Structures are given as structure tokens and as C-alpha cells.
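Peer 1: Provided below for reference: sequence and predicted model.
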Amino acid sequence: MAASYFPQTSRREQIPHDSEQGVEAPRVAEDMQEAYVGAKERLLTAIDATKSLIGGLRDFNKKSWVVRYPQFQEEPDAAASEDAVAELTPVKKRKGMRRSLSFPDDPNFQADVVVNPARAGRACSMTLASVADAEEEPESTQRDEAEGLIPSSDSADFHVIRLDLNIGAHGSSRSPATLVSQLEKSSIANLLDERISNAVTHMDKLRLRVEDTSSKVLVTGDLNAGKSTFVNALLRREVMPVDQQPCTTAFCEVHDAVAENDGKEELHILKDGVPYNKGDESTFTRAPLSDLESFVSENEDESQVLKIYLSDTRDPTSSLLHNGVVDISLIDAPGLNRDLVKTTEVFSRQEEIDVVVFVVSAENHFTLSAKEFLTTASKEKAYVFIVVNKYDHIRDKAKCKRLVLQQIKELSPATYADAEELVHFVDSAAAIENGAPSFDKLESKLRSFVLVKRSKSKLAPASTYLHHILSDVDLLVGANAIVAEAELKRAREDLDRSRPVLENMKSGRQNLEDSLESVEEEGSSITRSRTKVLLTSALDRVSQGKLGIDTASLKMPSYPGLLYIWDYARDVKRTLLASLDAAVKMAEDEARITTSNSVNKISRLGDEHLPEGIDRPRRVFIPEAMFSVRGDRNSRRRSRHVSNGAVVAGGMLGLGIGLAQHPDMLEPTFFDLFDVQHQFWVTFGDKKAEAEEDSPMTALSIASVGVGALTMVGGQAIGARGIVEGLLRIGALFESENTRKWAVPVLGAVTIGAAVYFVLELPSAIPRTVGRRIKATLAKEAEGRGVEGTFVEAHALRVSRETRKVLRLASWDLKGCFRAAMDEKSREVQGAEEAERKTAKALDYFRNVEGKSSELRQLAALGLVA
Ligand SMILES: Nc1nc2c(ncn2[C@@H]2O[C@H](COP(=O)(O)OP(=O)(O)OP(=O)(O)O)[C@@H](O)[C@H]2O)c(=O)[nH]1
């Protein structure tokens, strides 16, 4: 049994078919009108809100989130097991449809989801299969059948915004992996954008249609069946020409003059082949209403379309034409037997025809052409409103009714099923003046029928479209919400990982810098003090005629005898100087070790403070490279320059090579053999010197005194040649009488002392003298340069500077790495925060859209029933 046009059976029962009680009918029509208006308003609101919703989605797709286009594939195994589960466990079934969700632009994403199709009052929803399995519900709450005018559909597929992604080389590629190379996310987003834009345009058209208040009622039937009389009865006016002879040749469309022509009654004769436009007089000929009859009778053979604007002064609750809700146009078509079947059929197929009213004479029943028409119209419209006219002429009314209904049953089963509502036996001619209960009832039923059919023809397409587009939106946002959720989870995991690392780095930064500072400080101060200790001791030893340090590679030269004393002095000097160089080298070697330890400390600090996975400083410390000369010319020139300055030995020349190759220092002088000045001070009361050199009057001291005296005469420090010259001068002195008196003992002492000295003291005295001279020379060279210019301090400073330089470089590298790591972590955190914000916003948005879509679906679902 087909569904009723009317929502409540009880209501129908209140309207007995008996014409006497037809007074209830208008109320039903009123209800239908109200329901229609309500549904229309809700639908318009839903259309606007859906437009704004998908417009928002479009914006969101453009600005905030590239909306992904999901693809759903049925899993054959899952489908089979779904059925199996359904059969075996009737109490608990799986909710919704199991699908494999993927994205054509991302072959790596795949998730099993359960799609719950949209049903009346429930939005289409999508959940991960794992989640859905945990939330299975009892069967009683599932699989509600779709209600109302919304068709139940496969919600795991798109209806409106379906993208054809078969764009392989020959348009046949379906593999996501193949597609991904051709489809960028953005190009899919663009396709979606285009679809959404089209949907918005389509909704604008639907809106116009929903807003369109007109509804066309085609009145047709056999020739002379009383169609014009019926139209006149509906209008309660004799407007349409009525005759015993067939007279209606034109399509006469009757419109409400009040609603559509400023209340002016007139006739518009449409021009053939020109689209009618009420505002454009060139598309029609205007004529007074009184011309209608003459026009129809004069143009009998022409198939003309006339617009008749009429004022129906009846109450809107009783008038069909002027009903206050719908602009109805009644189309009085020519009789079918005029071979206009085809025309009428075409007419009835046209979308704008909402209702077909078929007038049949009770006397003749259905002719062949009437039968043909009814069969066709029933296929097109399912229901046809049938008026069995001239019922007053029938004597055996029951028999007539039975026969007519029997025929209707064959011609239009749906109409027959609701015959009480749709088939009416009336006397139209009698109703023109004052109506009649049976005709009033017919009118009321016709109004309801027109309104319900109107709902179907005008509201249902919009409602269905909204249902489809909202289902598509649900699929889109459901799939995107799953993606957003996964991305949000990932962003939060990233944040949980990277944020503490960044915080640790931030709080540890100062600590690292302080530690590096102290390692630098400690390293350089150790090398400085160690160098000082080593070189001070070495210099002291040298000044005592010993090697600066004990080393296997250096040995004091052995005394070769008096004849080679000069060479001996040179060798001693070279050896002592070399020992000082060796001491410097030793200090440098120690500094290398200290520096190396400190570099290791810095590297450990790096391990402590740098997070895992971050590259450590790449520079490798090569201790041998310390104190070395750089290969390029400039640096060598600079080294040489430095070597001529404060740093007199070792230093920039490297590896302690300095003093022993210093030509100025190597050449022995007389005072390397006889340190007269020293001896003089030792002999004549220099307490400090005494303490240093615990020796009483020796042969050397005697000779020293002599030579000291000579130097007083000579006036300046002299070399070997100077001695000869001095002796000559001494000879000259003897020429004076006075001098001879004191010169003899002095000369004697000198001679004796010298002789003793040469034989006994010289071999052991030379190293000490040379050593002292070296110390003194170094001290002299440092004069005017301050403390830092002394041999020991200069080296200590140089060595510690080199250490500091290396350590500073290592610290700098580590700090650079740390800073880069912190920047990277910071970027990572910022990126994750941004992703979290974006995905959380997107998720929020998608959830919100899901909620709104569900509300809109309810709003768009028509309350009217089919
Ligand atoms: N007694 C009676 N006469 C009717 C009824 N309906 C129509 N007539 C008469 O039937 C004749 C034909 O009526 P029309 O209304 O012209 O019929 P039609 O179907 O419009 O005719 P065409 O347009 O020519 O096909 C007229 O003389 C009407 O008076 C009715 O219900 N009862």
C-alpha cells in the first residue's frame, strides 16, 4: 500500500467521503498550507545556512587547512565478516559501514573507519574502526529506516562533490600511488573548491525554486468532459467559454490578478515562439477579459497560449486561485481527443507542472486517448487528481462509481489507492453559482494535493540536495577530522618531546657558558703557572751553569782544554740556551696536555648540554698544531715580527727553537769567560750575590779585580781584541813614574790570578758565567717591557694565551652548536605549537561543522510526508 498524502490517518478519518460532512476539509488544507509554509521557511533557512557552512568550508580550505579529499574502499573481507557477524549475533551488530579510508594525495595514510550513514535526525558520522569496535551498540538503536522525504543512501560515497580522479595516462589510473605524482594536495583542494563553488551556485537556483510561490495545475481531459465548466466552478465565475460543442483550443492559464497583475483583470495573448515576459509588452498582446470568448471561438484551429488574470474575491481559505500562500495557475487545456495527446504529455512532463487534474465525464468514462494520457501521466507523476464530472446526469451513481474506480485502478494504481483523496464525483455546472458540499470537499482536497505535490516538486529537490551535500560535508569533515586528530596527536607528541629539551637547554645555557668560562680560565691559568714554574727553575739552573732541564738529548760539553776555551764557551752557551729552549718546549708540551684535558672537558660539557641527535662540534683538536707556525706567508712574517719583539725565544717560531739559534746570543764574549762585573760585586760586598755564590777570595776573584781595574781604565766592556788593546794601554801606563809604583803589584796579582784561573777555575766557571750572562742578557733585553716582558712571563703569557685561544675556539664551537641546536629546537617547538594550534583549530572547526551539518540536516528534512 502506498504512503498516504496525509500525515495522520485519524485526520483522514475525520473527513468522511460523505459530502454532507465535508466541512472538516478546509481545516486539513489549512494545516497543509501551514505545514508547507513552515517547511519552506525551514528549507530556506537550511539552504542559507548550508551555503554559509560550505562557503566557510571553502574559505577554511583556502586559508587555514588544505581540506583532504577522502576515498573509501569497501573491504571485501570486512563486508563478508560484517554480514557473518550480523547473522550470527543478532543482538549486537557492527554499527555503520566498514571502509578503508585513504587519500589520493597521500599513499601513506590508510585507516579503517566505520561510517554511520545519515538518517533522520542523525548526522553521518565517521569513526576509526578501532574506536567504533569499542563502542558497539545494541541492535535496537541501530539501522533506523530513513523517514520523511529524505532518501536513505550510501553515505560512504560522495554525491555532489565527487571528484573524478581517474586521470592516468589514458584516464584509467586508479592507483593512489600513480595519482599522487599527478595530484598535488593543492590541486585536489582546487578541485574541491570548484565543486563547492558549483554547489553554492546550484543552491542559489534551488533557493529560487523554493521561493517560487507559483504552482501550475494542468486541467485536462476528454473533449467536452466539462473542463472549462470545472475551472469556472473552481473560480465560481463563468470565465472560460463553455459550450456543448468542443470549444477550447487554446491553453488558458488562469492566474490570480491580485497576486500577479496588480489586481488588474485582463487577457495576455502570448506570441508564438517568444518567451513570455509580463514586463515586456512585445512578448504578448493585451486584451480585455471580455474578449476571451470571441478570441477562443475565432481561433479555433490555432494552438494558442493565453494568460488570464482574474480577481477571485473569495476568502483565501476557500479560494484555490487566491489562497494567500501559493500562486496557482490553472491551465485549461484543450480536450485530448483533438489529437493533442502529445502536447499534453509533454506538458505534463515539464517540471513546472506540479499537479495534473484529469476531468472525465461520468457519462462517457475514459476514452482511448484518456486512457493513454492517464497511463503516461501516472508514470510521470504517480498521482493524478481525477474529477468525474456531470455526476448529476447519472442515475445509478454507485455503479458508475464502481466502474470508474475499476478503470482508474488499471490506469493509475497509485491514484486508485488513494481514491478517497484523489477521485471526486461532482457536478461542476451546479457548483459554479454557490458551490456544493461535494465540490467544496473536492476543492479542499485539491488544495491539499496541490500543496503536497508542490512540496514534492519544489521543496523535495532542495531538501534532497541539501541532504546530499551535507552528507558529503560530513564525509569530508569526518575524514579530515581523523587526519587532524592524527596530526594533533603527532604535534602534541612532538611538543612533549621537544619542549622539555628546549626548556632544559634554556635553563642550562648560563650554566654551560659559566662552565666553559671556568674551563678556559682554569686551563690557561694552569698552563701559565706551570710555564712560569718550569722556566723560572730552568733559568735559575742555567744561571748556575746547569742545564735548564734534565733531558737525554742535551749534555753539557766537556772541557777541551785551554787552547779551545773559546769554542768551549760557545758550546756551553749553545747547550744552555738549547736547554732553555727545551724547557720552553717542555712547558709547551705540558700546555698541550693541559689544553687537551680542557678540550675533553669542553667536549664532555657538550655531551651534557647538547640534546641527543644534535651534531657535536666537528673541529678536531690537534695538540701538535699548537704553537706551530701557520703555512701562509703573512703569518710567518707576523711570527718573525713577534719573535723580534717581546717573545725572544720559542714562541711563534715554534717548538722552543729560539735561543739556541739566536746568532747574537750564541757568539761568546770576553765576559762569558770573565764576568768581571759579577766578580767585582761578589768580591766587594754585594750581599745578594754573596748569598747566591758562596765563594771566598778565589784566583778568579783576584784576576777579576785586576781585570776590573783594567776595565776602569779601558772604560767599556771589551772583547779579546779589547784585552790586547787594554794591555797595550797598560804598557803605556807604565811609562809614567807614578803609575809604575802601584802598577807592578797589580800586574803581578793579575798575572798570578790569571794563571791560576786559566788552569784551575776556568773549566768549571765558564758554564756558570755563561749561564749568568744568559740570564742577565735575557733580563736586559726585557728591560723597559715591564714584568710581562721578561723571559719567563712572556713565555707564560704566550703559552697560556695559546691554550686560551684553543679553549676559546672549542668553547666557541660548542656555544655555536648549542645555539644552533637551541634555535633548531626552538623552531621545532614553534613548528609543533603552530601545528598543534592549527590542527586543534581544524579539529574544532570540523567537529563544529559536523554538529551544524547534523542540525541543518534536521532542518532541511521536510516534515511533510509522501
Ligand atoms: N449537467 C452538467 N453539465 C455539465 C457539467 N459539466 C459540463 N457540463 C456541460 O457540458 C458541456 C461542455 O462543457 P465544457 O466545459 O465546455 O466542456 P469542455 O471539456 O471544456 O469542452 P472543450 O473545452 O471543448 O473540450 C457544457 O454544455 C456544460 O454546460 C456538469 O457537471 N453537469
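Peer 2: That came in fine, so what should we check first? Numbering: from 1, shown residues only.

Peer 1: For the helix or strand containing D514, name the packing helices and strands.
Peer 2: Applying DSSP states H and E as the criterion places D514 in helix 460-543. Helix 460-543 is packed against helix 25-63, strand 97-103, strand 106-116, strand 125-128, helix 185-211, helix 565-609, helix 762-781, helix 791-860, with contacts defined by 3 or more CB pairs under 8 Å, 6 or more residues apart in numbering; DSSP states H and E. C-beta coordinates here come from the backbone N, C-alpha and C atoms, glycine included.

Peer 1: any idea how far the residue in the stretch 301-450 of the chain that the ligand sits nearest to is from K371?
Peer 2: In the stretch 301-450 of the chain, no residue comes nearer to the ligand than G335, which is 3.2 Å away by CB to the nearest ligand atom. Separation of G335 from K371 (CB to CB, to the nearest Å): 14 Å.

Peer 1: These two: which has the busier surroundings?
Peer 2: G335 (24 against 15; other CB atoms under 10 Å).

Peer 1: Could you report the pLDDT at the residue nearest to V806 when sequence neighbours are not counted?
Peer 2: Among residues not flanking V806 along the chain, T595 sits closest, at 5.1 Å (CB to CB, 6 or more residues apart in numbering). Here the pLDDT value assigned to T595 is 94.

Peer 1: The ligand contacts on the stretch 401-550 of the chain?
Peer 2: D427, S428, A429 (CB under 6 Å from any ligand atom).

Peer 1: residue in the stretch 601-750 of the chain nearest to the ligand?
Peer 2: For the stretch 601-750 of the chain, CB to the nearest ligand atom, closest residue to the ligand: G613, 92.6 Å.

Peer 1: So what's the predicted local confidence for that residue?
Peer 2: 80.

Peer 1: what about it, which SS state?
Peer 2: Assigned with DSSP: H, G, I helix; E, B strand; the rest coil, G613 falls in the coil class.

Peer 1: gap between it and K825?
Peer 2: 10 Å.

Peer 1: more neighbours, those two?
Peer 2: Of the pair G613 and K825, K825 is the one with more neighbours under other CB under 10 Å, namely 21 against 8.

Peer 1: got a list of what the residue lying closest to G508 once chain neighbours are set aside touches?
Peer 2: In space, and not counting its chain neighbours, G508 is closest to H609: 5.2 Å by CB to CB, 6+ apart. H609 makes contacts with M505, G508, N511, L512, F818, as judged by CB atoms under 8 Å, 6 or more residues apart in numbering.

Peer 1: With respect to the ligand, which of those is nearest?
Peer 2: Looking across those and measuring by CB to the nearest ligand atom, the closest to the ligand is M505, at 95.4 Å.

Peer 1: Quick check: that closest one touching E608?
Peer 2: No: look at M505 against E608 with CB atoms under 8 Å: they stay out of range, at 11.3 Å.

Peer 1: More neighbours: the two, which one.
Peer 2: Using other CB under 10 Å as the criterion, M505 and E608 rank with M505 on top: 20 against 11.

Peer 1: tell me the pLDDT at that one?
Peer 2: 91.

Peer 1: one step back: number of nearby residues for the residue nearest to V806?
Peer 2: T595 has 27 neighbouring residues, counting by other CB under 10 Å.

Peer 1: Against S800, how distant is it?
Peer 2: 10 Å.

Peer 1: Need the residues touching each of those two.
Peer 2: T527.

Peer 1: give the contact list for the residue of the stretch 701-850 of the chain found nearest the ligand.
Peer 2: Closest residue of the stretch 701-850 of the chain to the ligand, CB to the nearest ligand atom: V849 (55.9 Å). By CB under 8 Å, 6+ apart, the residues touching V849 are L53, G56, L57, V473, V477.

Peer 1: buried subset of those?
Peer 2: L53, L57, V473, V477 (16 or more other CB atoms under 10 Å).

Peer 1: The ligand contacts on this protein?
Peer 2: So far as CB under 6 Å from any ligand atom goes, the chain lies against the ligand at 223-229, 242-244, 246-248, 335, 389-390, 392-393, 427-429.

Peer 1: Just the buried subset of the residues you listed, please.
Peer 2: Buried, going by 16+ other CB under 10 Å: 223-229, 242, 247-248, 335, 389-390, 427-429, out of those.

Peer 1: Filter the residues you listed down to just the ones in strands.
Peer 2: Residues of those located in strands (DSSP state E): N389.

Peer 1: Next one, pLDDT for K381 please.
Peer 2: 70.

Peer 1: is it true that it touches V356?
Peer 2: Yes: between K381 and V356 there is a contact at 5.8 Å, judged by CB under 8 Å.

Peer 1: These two: which has the busier surroundings?
Peer 2: Of the pair K381 and V356, V356 is the one with more neighbours under other CB under 10 Å, namely 27 against 22.

Peer 1: so the more buried one sits in a helix?
Peer 2: No: counting by three-state DSSP, V356 is not part of a helix but strand.

Peer 1: In contact with it: list those residues for me.
Peer 2: Applying CB under 8 Å, 6+ apart to V356 gives the contacts V217, L218, T220, S348, A377, K381, V384, F385.

Peer 1: Pick out the lowest-pLDDT one from these.
Peer 2: S348 (53).

Peer 1: about what we covered before: could the helices and strands packed on helix 460-543 go into JSON lines alongside distance to K555?
Peer 2: Converted to JSON lines, the helices and strands packed on helix 460-543 look like this (distance: least, CB to CB, whole Å):
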{"stretch": "helix 25-63", "distance to K555": "87"}
{"stretch": "strand 97-103", "distance to K555": "85"}
{"stretch": "strand 106-116", "distance to K555": "77"}
{"stretch": "strand 125-128", "distance to K555": "88"}
{"stretch": "helix 185-211", "distance to K555": "83"}
{"stretch": "helix 565-609", "distance to K555": "7"}
{"stretch": "helix 762-781", "distance to K555": "12"}
{"stretch": "helix 791-860", "distance to K555": "23"}
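
Peer 1: between those, which gets the lowest average pLDDT?
Peer 2: Taking the mean pLDDT of the helices and strands packed on helix 460-543, strand 125-128 comes last: a mean of 71.

Peer 1: strand partners of it, parallel vs antiparallel please.
Peer 2: Neighbouring strands of strand 125-128 in its sheet, by DSSP bridges, are strand 106-116 (antiparallel).

Peer 1: list the buried ones in the partner strand?
Peer 2: Quick answer for strand 106-116 (16+ other CB under 10 Å): F109, A111, V113, V114, V115, N116.

Peer 1: Need phi/psi at D256.
Peer 2: For D256, the backbone dihedrals are phi -80, psi 120 (criterion: degrees, to the nearest 10).

Peer 1: can you pull the pLDDT of it?
Peer 2: D256 is given a pLDDT of 89.

Peer 1: Hmm, it is touching G324, no?
Peer 2: No: if you go by CB under 8 Å, D256 and G324 don't touch, sitting 9.8 Å apart.

Peer 1: between those two, which one's more packed in?
Peer 2: D256 (24 against 13).

Peer 1: so who does the more buried one touch?
Peer 2: Y309, L310, S311, D312, L321, H322, D327, I328.

Peer 1: Could you measure from it over to R237?
Peer 2: Computed as CB to CB, the D256 to R237 distance reads 13 Å.

Peer 1: One more: R497?
Peer 2: In terms of CB to CB, R497 sits 85 Å off from R237.

Peer 1: These two: which is more packed in?
Peer 2: Using other CB under 10 Å, the more surrounded residue of R497 and R237 is R237, with 17 against 14.

Peer 1: and the more buried one, that's in a helix?
Peer 2: No: under the criterion used here (three-state DSSP), R237 is coil, not part of a helix.
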